[in-house]
Structure formats: C-alpha cells, structure tokens
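Q: sequence? don't have it. structure:
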C-alpha cells in the first residue's frame, strides 16, 4: 500500500527536510508522527518531492511511504472510513503546530513523489525599501536594502528560461547533474493592502532544482534589479547573467538569498497512466543540454 501525503510547514524552526542526528527536521517529525499513530518501530521511510533546506517553507510539499496492506485494518475506525483519511486525521492530532498534513490518499505503486514529478513551483518573497511591510509575514519574506527594479529582474530572468546547465547557480554535489529545465521565472510587485507598494513575489518553476538553485537564481536577478536603480555595489546586467549561465561553473559573485523568503508552493504530477514513464525519464541522467524538454 503506497500512500501520498500532501503537507505544509513553516520552516523557521526546522533544520530542513532531511533527518539529521540531533536536529529538528520535517522528515523526522512527520516520520515519528506516523510511527506513533501506527505503532511502528522503526519509523517508516519517506520519499519526498523536494528536500528543502533549513528555514525554507512549504505549502505544497508531497511525500510518499509504503505500508503493508494489512495496515488498512488497523487504520479503520468505527465508521469504516477510508484508512488514508483516518491516518490524516490521527496525524493532525499529534504533529506540531508548524507542520500540517493537508491530505493522505492511496496511490498507484508507480507513483514516486520525487521522480514522478513533472515540475516544482517555488515562490520567493522580497521586501525592498519601497515595500510597505506587514510584520505578520516577516518570517516568510527576505529583506533587501535599496529599491529593486522589477522590470530589470524580469529581463535577466528571461535569459535563464529553458534547458541549461545551471552549475553557476548550484552548490555542487558529487555525481549529481546540474542540467535542469527552467519553465517559468517571473517577478511581480504586488499592491499593498493600503497605500504604497507591496512585496516583490517571484515564481520559479522547473522540472527539478539543484541544491540552493532557487536562492542563487534570485540572488542573480536581485543584483540586476538593484543595478537597474543604480543601487547595486557592482554593475550587474543581462549580459552578466548570460555569462554566468555560459560559464557552467559555480560563481562566488552570485549571492545566495536568505532561506526565509522561499516557499515550495506546488509539485505537479502527470496522469496515473504516465507515472511510470515519467519516473523512468527523471531517473535518466542528463549530461548535455542538447534540446528543450517537453515539460
């Protein structure tokens, strides 16, 4: 029995998703909660769509786990409700306030939270000196000194779209590819609830992301945005971003933006009859960005 869990969390007090000895992580809290309500020892293994870093939030995270079929009996209550719904109900009673389960449902054995995903959508929020700030959102927004030119940010974001080697924007991991398809990268300044400019909200969508990729992409376009208002310490423009992309190597001039502004908003999956094919495609290492991928 494979179960899909949709969840959300405030990452402020978590040391990221992945379980680490002595640290509070989302994976540990969720796995321990499942073990508690199902009386499992050891706790079940979880496969997640995106391993978020310390301080990163999520409103649309997805993971899956496998349980023996006979657990369906233990998960039924007096109303003979769906076992997955019963598990969701029980988890909501034991999980901490900064971790919420939105839903649990039984899925095909071909479903893989990580490899079946067609895309991940992240949202990054920024306050600059023009923004009217809302203190209740302070843990979900990054603060930038100066005024950011959103049009300049979008001009530089456009050159990053498509299938590329994003090595300049990723922390390298041995044996891991940095080739990704960036499907959408758009920045918008929202209107504030009262008079004044609101926060800048960036939407970043790709088939998958490398370690620190979103925050590095944001650092690059914010640098261009500050230069567009003549407030950047160093001149940044579209050609600079193009050069970074072409270099194909990690560049220390790219700022990694704070984790507080980043939220995993959505993970998209294909129809059930395409899950296996998508997982096989995602597992195939991409060594050269030779052509645009369909997703």
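A: Received it, and whenever you're ready, just let me know what you need. All figures in this text were calculated on a predicted structure; none of them were measured in a lab.

Q: Buried residues, the helix or strand containing residue 275. List them.
A: Using DSSP states H and E, residue 275 sits within helix 275-283. The neighbour-count check on helix 275-283 (16 or more other C-beta atoms under 10 Å) flags 275, 276, 278, 279, 281, 282 as buried. Any C-beta I mention is one placed from the backbone N, CA and C, and that applies to glycine too.

Q: what would these look like in JSON lines with distance to residue 58 and pLDDT?
A: Below are the buried residues of helix 275-283 laid out as JSON lines (distance: C-beta to C-beta, whole Å; pLDDT from 0 to 100):
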{"residue": "275", "distance to residue 58": "22", "pLDDT": "89"}
{"residue": "276", "distance to residue 58": "26", "pLDDT": "90"}
{"residue": "278", "distance to residue 58": "21", "pLDDT": "91"}
{"residue": "279", "distance to residue 58": "22", "pLDDT": "90"}
{"residue": "281", "distance to residue 58": "25", "pLDDT": "87"}
{"residue": "282", "distance to residue 58": "20", "pLDDT": "85"}
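
Q: Using CSV, please lay out the residues you listed together with distance to residue 262.
A: Putting those into CSV (distance: C-beta to C-beta, whole Å) gives the following:
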residue, distance to residue 262
275, 27
276, 31
278, 25
279, 26
281, 26
282, 22
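
Q: what's the closest of the residues you listed to residue 50?
A: Closest approach to residue 50 among those (C-beta to C-beta): residue 282, at 12.8 Å.

Q: Just give the closest residue to that closest one, not the sequence neighbours.
A: residue 115 (4.3 Å; C-beta to C-beta, 6 or more residues apart in numbering).

Q: Verify the contact between the one you found and residue 279 for me.
A: Yes. In this structure, residue 115 is within contact of residue 279 by C-beta atoms under 8 Å, at 4.0 Å.

Q: Can you give me the domain boundaries for this protein?
A: Per the record, the chain has its domains at 2-107, 119-270, by automatic domain parsing.

Q: on that earlier part again, got the contact list for the residue nearest to residue 282?
A: 278, 279, 282, 283 (C-beta atoms under 8 Å, 6 or more residues apart in numbering).

Q: does the first one really touch residue 114, like I thought?
A: No. The pair residue 278 / residue 114 is not scored as a contact, 11.0 Å apart, by C-beta under 8 Å.

Q: which stretches of the protein have low pLDDT?
A: 71-80, 193-196, 231-234, 285-295 (pLDDT under 70).

Q: Helices along that one, start to end?
A: Ranges of helices in the chain, per DSSP state H, are 26-38, 71-74, 83-94, 150-158, 213-228, 238-247, 275-283.

Q: Quick one: closest of those to residue 201.
A: Closest approach to residue 201 among the helices of the chain (C-beta to C-beta): helix 150-158, 9.8 Å.

Q: Now do that closest one against helix 213-228, angle only.
A: Counting by axes from the mean of the first three to the mean of the last three C-alpha atoms, to 10 degrees, helix 150-158 lies at 140 degrees to helix 213-228.

Q: Please consider this matter closed, and thank you.
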